[in-house]
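>>> any chance you can model this:
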Amino acid sequence: MVFSNVAGVLFLLLLACSQDVPLLPAAFANDVRPNGIKAPPLAPPPPPNNEECTYAQKMEIVHECRDYIKFQRPITIPRNNSPCYNAVRSVPYLDMVCIYNLLTSIERIMYHQRRFKFGLRNRCWPRL
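Numbering: from 1, shown residues only. From the prediction side, this is the model:
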């Protein structure tokens, strides 16, 4: 009984104190700093990536790089300026994960996942 009375009195005191202290609405705004100067607006988010890989790029990479991405031996490593190298370089941001996601389930069984996703990108990365 005493606890509920004390809790009620504390609540009323807090309520009364918060009523007496005037706070400017701008004090809670995100665009105003403590010194009253407006903060610069946040940078806009980057535009969405409209350049995605295509089915035609997938078919070209599968055809030109088949000797490197297949599971069977011997493995032929793509050379600079080879048709495989140029096909991989035509994909925006060398996004081989995007190309790999276009593969059918049968093609995923036929081709080596790590060589497809990471090996092609790393081998065909532009050298300085």
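
>>> now Gln113: how far from Ile61?
Applying C-beta to C-beta, to the nearest Å, the value for Gln113 to Ile61 is 14 Å. Every residue, glycine included, has its C-beta placed from N, CA and C.

>>> compare neighbour counts for those two and give me the winner.
Neighbours per residue (other C-beta atoms under 10 Å) separate Gln113 from Ile61, with Ile61 holding more: 27 against 14.

>>> in which helix or strand does the residue nearest to that one when sequence neighbours are not counted reside?
Sequence neighbours aside, Ala87 is the residue nearest to Ile61 in space, at 4.9 Å (criterion: C-beta to C-beta, 6 or more residues apart in numbering). Using DSSP states H and E, Ala87 maps to helix 83-89.

>>> what is the subsequent helix or strand relative to that helix?
Next along from helix 83-89, by DSSP H and E: helix 96-101.

>>> what's that following helix packed up against?
helix 55-64 (3 or more C-beta pairs under 8 Å, 6 or more residues apart in numbering; DSSP states H and E).
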